[in-house]
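[1] Quick one: sequence and predicted model below, then my questions.
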Number of protein chains: 4
Amino acid sequence: MKLKPRNPDFVTTIHKKLEGQYFMKLVGFEITDIKAGQITGRLKVEQKHKQQHGFVHGGVTATLMDIVMGFAAYSLVEENQGVVTANLDVDFHHPGITDELEVIGKVDKPGKMLSFCSAEIYALNGEERTRIATAKSIMATIKGG
Amino acid sequence: MKLKPRNPDFVTTIHKKLEGQYFMKLVGFEITDIKAGQITGRLKVEQKHKQQHGFVHGGVTATLMDIVMGFAAYSLVEENQGVVTANLDVDFHHPGITDELEVIGKVDKPGKMLSFCSAEIYALNGEERTRIATAKSIMATIKGG
Amino acid sequence: MKLKPRNPDFVTTIHKKLEGQYFMKLVGFEITDIKAGQITGRLKVEQKHKQQHGFVHGGVTATLMDIVMGFAAYSLVEENQGVVTANLDVDFHHPGITDELEVIGKVDKPGKMLSFCSAEIYALNGEERTRIATAKSIMATIKGG
Amino acid sequence: MKLKPRNPDFVTTIHKKLEGQYFMKLVGFEITDIKAGQITGRLKVEQKHKQQHGFVHGGVTATLMDIVMGFAAYSLVEENQGVVTANLDVDFHHPGITDELEVIGKVDKPGKMLSFCSAEIYALNGEERTRIATAKSIMATIKGG
């Protein structure tokens, strides 16, 4: 489905928003591609992202999923609107054993009030891409950017 | 429901596990109480935990929820077993506007293979406690601590 | 939390709505108690409610959960408003082996736009009550009764 | 992803199981296609499937989703194994206004212990196909067919 942004400057607006994403900066996550209704990002995995078994922490995975889906929804609202996560739901398929993660979030069903989004996260190991988790979220549109 | 630990040393075992929780350390989250099937923790909220509107980042909320539910499930498995999150599902009720968060995670329905857990997170503002989110998770028991 | 209905005639309004609940009638589910923000119902379990192992069908469980949470949310909206289920999420704890089910649905966090609800379903066997599933839902408020 | 059945007679086995699906028969749902890891079915919508606004009841949608995902997971387990729904999660995108529904359920990530499944349901109106809901489930493998 081709999604149409209602704010023509959504890329600029998202870049401005990213400046205030302090927790995202703490994690070190980078947005690498911004399209209407679809956001991609990458994370270089370091020890600080891990839990006791050496796997990527579930909280990191959830954080990246939330960010790409939130901005995917945000790319489709009007200029004077914002979005908040109402529900975030993550299914963990495989332990995250990797030096780099790629995350893609998109809007599956946009709406005036609610947007249904989904995301996938891949462990990159050389040529191999393993989908380690999927997520979905319900984003609620609010007044005010 | 009174929950019985199968590993009598579960408190010690959890303290050992916490040493390897690098992402939890990056976030600065502290476990304040460990009971069989119930874990409590607190976070002093700083700018690094926030998103662009000054609210606690949804990824922080999801991370704290995952940790307390994971260790709640872990407190009930056998000594040579571990747990992994199969599903994490967070409902966001209110924006997190606070200097301190309290999180409580517990096991609602323990099982040999799967444990159903839930969690609540409160924004502490003086005497006031506002529940800003609830979560549930399905934790899968695995071999090996 | 004491929940206040905004439509003082919510009990009458719900009884009227129930007349058009054809699928609920097909299932044979009865609402036994209507309070502001909390709905209870019972089902006499027959062969038609079962799956191939003789357990209550998951679709029956999901249906009862959806109904009690939907009417719980509906009990709190204004007279000229309705609710629709945006998300329904059911965790199955135990197989349903019983002649009668009791279901309780309530609103955990009411809101103008979204209501977060939860439900529990019990298998009744003589004196014993076994919680066989829990559910949660996000109900969206819409214009028009 | 091409999924390999471990029980070569899975089609026959599923047909046998369907005989005991009493609730599915009450609803009138028909399985129209059985592949390894993917099940399709159709429902002719009648008044008995509706709620008070004339839309397909959410419980019908949830039931159909649960059935196709359950049998999709079941198509991949061994001959002496069965599956039970641990979690069923349905997102409702549009009201179901139609005379016929098509539902497709598949296994996204099979596993020995847990299978992650997803489903989509379409309202068929002449040439038009509207996706009215999506669902996902976690199916747990159990001993015994």
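    Perfect, I can see it now.
[2] For residue A:69, list the residues it contacts.
    Shown in contact with residue A:69 (Cβ atoms under 8 Å, 6 or more residues apart in numbering or on different chains): A:39, A:85, A:88, A:105-107, A:117-119, A:135-137, A:139. All C-beta atoms are positioned from the backbone trio N, CA, C, and that covers glycine.
[3] Recalculate using a threshold of 6 Å.
    When contacts are counted by Cβ atoms under 6 Å, 6 or more residues apart in numbering or on different chains, residue A:69 is found next to A:105, A:117, A:119, A:137.
[4] Helix, strand or coil: sort out it for me.
    helix (DSSP: H, G, I helix; E, B strand; the rest coil).
[5] where's residue A:17, which helix or strand?
    helix A:10-19 (DSSP states H and E).
[6] Does that helix reach chain B?
    Yes - for a cut-off given as Cβ under 6 Å from any Cβ of the partner chain, helix A:10-19 has contacts with chain B, namely residue A:17.
[7] Same check on stretch A:101-115?
    No - for a cut-off given as Cβ under 6 Å from any Cβ, stretch A:101-115 has no contacts with chain B; the smallest distance is 11.9 Å.
[8] Show me the contact partners of that stretch.
    Contacts for stretch A:101-115 (Cβ under 6 Å, 6+ apart): A:37-43, A:64, A:68-69, A:72-73, A:76, A:116-122, A:124, A:138-141, C:86, D:93.
[9] Quick check: chain neighbours aside, which residue is closest to residue A:98?
    The shortest distance from residue A:98 to any non-neighbouring residue, by Cβ to Cβ, 6 or more residues apart in numbering or on different chains, is to residue A:123 (3.6 Å).
[10] what does chain A put close to chain D?
    A:91, A:93, A:109, A:116.
[11] Switch those residues over to TSV; also include secondary structure.
    What follows is these, written out as TSV (three-state DSSP):
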residue	secondary structure
A:91	strand
A:93	coil
A:109	strand
A:116	strand
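[12] where along chain A do the strands fall?
    Ranges of strands within chain A are A:30-35, A:38-44, A:81-92, A:100-109, A:114-125, A:128-143, based on DSSP state E.
[13] returning to that earlier point: kindly reformat the contacts of residue A:69 as TSV containing neighbour count, pLDDT and distance to residue A:59.
    Below are the contacts of residue A:69 laid out as TSV (neighbours: other Cβ atoms under 10 Å in any protein chain shown; pLDDT from 0 to 100; distance: Cβ to Cβ, whole Å):
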residue	neighbour count	pLDDT	distance to residue A:59
A:105	27	98	17
A:117	30	98	19
A:119	25	98	15
A:137	30	98	16
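[14] any chance of these in CSV, plus distance to residue B:27?
    Putting the contacts of residue A:69 into CSV (distance: Cβ to Cβ, whole Å) gives the following:
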residue, distance to residue B:27
A:105, 22
A:117, 24
A:119, 21
A:137, 21
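[15] ok, the spatially most central residue of chain A to residue D:33 distance?
    Among the residues of chain A, residue A:68 comes closest to the average C-alpha position under Cα atoms, centre = their mean, at 1.5 Å. Using Cβ to Cβ, to the nearest Å, residue A:68 is found at 34 Å from residue D:33.
[16] ok, now residue A:75?
    When distance is defined by Cβ to Cβ, residue A:75 is 37 Å away from residue D:33.
[17] same deal with residue A:62?
    Separation of residue A:62 from residue D:33 (Cβ to Cβ) stands at 35 Å.
[18] Between these two, which is the more surrounded one?
    Between residue A:62 and residue D:33, residue A:62 has the larger neighbour count (other Cβ atoms under 10 Å in any protein chain shown), namely 28 against 11.
[19] hang on, the more buried one packs against residue A:89?
    No - counting by Cβ atoms under 6 Å, residue A:62 stays clear of residue A:89, with 9.5 Å between them.
[20] Residues of chain A that sit close to chain C?
    Counting by Cβ under 6 Å from any Cβ, chain A comes close to chain C at A:86, A:114.
[21] which ones are touching the residue nearest to residue A:98?
    A:96, A:98, A:130, A:132.
[22] residues touching the second one, list them.
    Applying Cβ under 6 Å, 6+ apart, we find residue A:98 in contact with A:45, A:123, A:124, A:125.
[23] Who does residue A:135 form a beta bridge with?
    Taking DSSP bridges, one finds residue A:90, residue A:119 as the beta-bridge partners of residue A:135.
[24] and it, how many neighbours?
    Around residue A:135 there are 25 residues (other Cβ under 10 Å).
[25] Wait, it touches residue A:65, no?
    Yes - under the contact definition of Cβ under 6 Å, residue A:135 touches residue A:65, with a separation of 3.9 Å.
[26] which residues are common contacts for the two?
    A:90, A:119.
[27] what about chain A, any weak spots by pLDDT?
    Along chain A, the parts satisfying pLDDT under 70 run over A:1.
[28] Now with 90, please.
    Applying pLDDT under 90 to chain A picks out residues A:1-4, A:144-145.
[29] Enumerate the residues of chain A near chain B.
    A:17, A:20-23, A:26, A:47-52, A:57-60, A:62-63, A:66, A:85-92.
[30] run the last query once more with 7 Å
    A:17, A:20-23, A:26, A:47-52, A:57-60, A:62-63, A:66-67, A:84-92 (Cβ under 7 Å from any Cβ of the partner chain).
[31] Are any of these buried, and if so which?
    Listed as buried from those are A:17, A:21-23, A:26, A:49-52, A:57-60, A:62-63, A:66-67, A:84-92; burial here means 16 or more other Cβ atoms under 10 Å in any protein chain shown.
[32] From residue C:84, how far out is residue A:5?
    Residue A:5 sits 26 Å away from residue C:84, going by Cβ to Cβ.
[33] same thing with residue A:83?
    Taken as Cβ to Cβ, the span from residue A:83 to residue C:84 is 20 Å.
[34] starting at the chain centroid, how far to stretch A:4-15?
    Its chain's C-alpha centre and that of stretch A:4-15 lie 16 Å apart, by Cα atoms, centre = their mean, to the nearest Å.
[35] Pull out the buried positions in that stretch.
    Quick answer for stretch A:4-15 (16+ other Cβ under 10 Å): A:5, A:7, A:10, A:13, A:14.
[36] List the contacts of the last one.
    It stands for residue A:14. When contacts are counted by Cβ atoms under 7 Å, 6 or more residues apart in numbering or on different chains, residue A:14 touches A:34, A:71, A:74, A:75.
[37] if you set the cut-off to 6 Å instead, what comes out?
    Neighbours of residue A:14 in contact, by Cβ under 6 Å, 6+ apart: A:34, A:71.
[38] Now do it against residue D:40, distance only.
    39 Å.
[39] cool, residue A:114 as well?
    For residue A:114 relative to residue D:40 (Cβ to Cβ), the value is 28 Å.
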